[in-house]
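Novice: generate coordinates for the sequence data below:
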Amino acid sequence: MVVFHIERRGGLPAYLQIVRQVELALRMGALTEGDKLPTAAQVAAATKVNPNTTLKAYRELERAGLVEVRQGAGTFVTHVPRPTGAQPASQLRGGLTAWMREAREEGLGAPDVIALFDDAIAEVFPANTP
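Specialist: Purely as a prediction, here's the structure:
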C-alpha cells in the first residue's frame, strides 16, 4: 500500500506528485503487479486533494501502462518497470539512505533534501525535468 504525501509549496501539480509517488513505489518494490491502489476518495481524505486530482493521476498511470482501472473494482497495478542501471538498486538505496541521515544530522529537513534532489536531477537528467 502506498501512502501519498502532497507538497503544496513545491510547485509540482498534485496529480503529478501522485504519479511520481506511484512510480517510485513500483520501482522500490512497495507496489507489485496485482496490487490495488487506494480509491480516489481514500486519497482525497488522506491528502485533502480533490478526488478528481487522483483520478487524473490514475488516468496518467493507465496511459503509461502501469495500472488498469477495473470498473466497479478499483485501480490495479499491471506493470512494474524494471531497473535499468548496472548497479543493483539496493546498493544505491543504501548509499542514498546514508546520505539522507547525514543531511538530517547537518540540520536539513525533508523540504531541503527534496530541493537538493530536484536541483541535482535537473542538472544530471535535464530532459526529464518538467
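
Novice: what about the nearest residue to Pro51 once chain neighbours are set aside, how many residues close to it?
Specialist: Spatially, and ignoring its direct neighbours in sequence, Pro51 is nearest to Ala40 (3.9 Å; CB to CB, 6 or more residues apart in numbering). (Glycine included, C-beta is placed from N, CA and C.) Residues near Ala40, counting by other CB atoms under 10 Å, number 20.

Novice: same deal with Gly74?
Specialist: By other CB under 10 Å, neighbour count at Gly74 equals 15.

Novice: so it makes contact with Gln42?
Specialist: No: at 10.1 Å, Gly74 does not count as touching Gln42 under the criterion of CB atoms under 8 Å.

Novice: now the helices for this protein?
Specialist: 14-28, 40-47, 51-63, 89-105, 110-124 (DSSP state H).

Novice: if I look at the residue sitting nearest the centre point of the chain, how far off is Glu7?
Specialist: Among the residues of the chain, the one closest to the centroid is Gln21, at 1.3 Å (CA atoms, centre = their mean). Note on Gln21: its distance to Glu7, by CB to CB, to the nearest Å, is 10 Å.

Novice: overlap in contacts, the two.
Specialist: Common neighbours of Gln21 and Glu7 (criterion: CB atoms under 8 Å, 6 or more residues apart in numbering): none identified.

Novice: tell me the residue in the protein that is farthest from the middle.
Specialist: The centre of the chain is farthest from one residue, Glu106, which by CA atoms, centre = their mean lies 25.6 Å away.
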